[in-house]
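**Q** Quick one, fold the following:
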Amino acid sequence: MRAGRWAEGFWGVAGAASIRVKVMGIVIGLILMLGVPVTLVVRQGLSAALERELEERGVAIALSLASRSQELVLTDRLLALYTLAVVVNLARGRREIDCGCFGPAARQPLSAALVSLPAARACSITAGSCGSRKMSSCAS
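**A** Numbers count the residues shown, from 1 in each chain. Predicted coordinates for the structure are as follows:
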């Protein structure tokens, strides 16, 4: 019964409209019927491509950082490795990361001051990354 009333109301409005309005309604309806699925397919394809690109960039960044830090790890140059990590994060604009120098109680964001040798040396020694070794062996 409701469907009959709806159909009568629709045809009452549609019958009163001019042919120009009817044609325009059909054109707009077709554009929407074709446009929405195409938009969804393009969005899905773009999303997949961006995810793939993001993964490739992540791998490239990891390989770049690994190749730069390989010698530092092999020669046990922790201070230089720490400085490299700070420089890379500062270059990417990630200043909100805690440097880890003074433990969880005293959070300190990354800054250019940590790149200087005295600050980085003090920070890495305070963090305990040198262990029980002397400062001279940690800096070399």
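**Q** and the helix or strand harbouring residue 36, how far out from the chain's middle?
**A** Secondary structure assignment for residue 36, by DSSP states H and E: helix 19-74. The gap between where helix 19-74 is centred and where its chain is centred comes out at 14 Å by C-alpha atoms, centre = their mean, to the nearest Å.
**Q** Same question for stretch 91-107.
**A** Once both centres are worked out by C-alpha atoms, centre = their mean, stretch 91-107 turns out to sit 19 Å from its chain's centre.
**Q** before we move on, the earlier item: just the buried positions in the next helix or strand after the helix holding residue 36, please.
**A** From helix 19-74 onward toward the C-terminus, using DSSP H and E, the following helix or strand is helix 78-91. Going by neighbour count (16 or more other C-beta atoms under 10 Å), the buried part of helix 78-91 is 78, 79, 80, 81, 82, 83, 84, 85, 86, 87, 89, 90. Backbone N, C-alpha and C define where each C-beta goes, glycine included.
**Q** want to throw these into CSV with distance to residue 16 and pLDDT?
**A** As requested, those are arranged in CSV below (distance: C-beta to C-beta, whole Å; pLDDT from 0 to 100):
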residue, distance to residue 16, pLDDT
78, 83, 73
79, 83, 73
80, 82, 75
81, 79, 74
82, 78, 77
83, 78, 78
84, 75, 79
85, 73, 81
86, 73, 81
87, 73, 82
89, 67, 83
90, 69, 84
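**Q** ok, so of the residues you listed, who is nearest residue 10?
**A** residue 89 (62.1 Å; C-beta to C-beta).
**Q** ok, now how distant is that closest one from residue 29?
**A** 53 Å (C-beta to C-beta, to the nearest Å).
**Q** Just give me the closest of the buried residues of helix 78-91 to residue 97.
**A** residue 89 (5.7 Å).
**Q** Sweet, I'm off.
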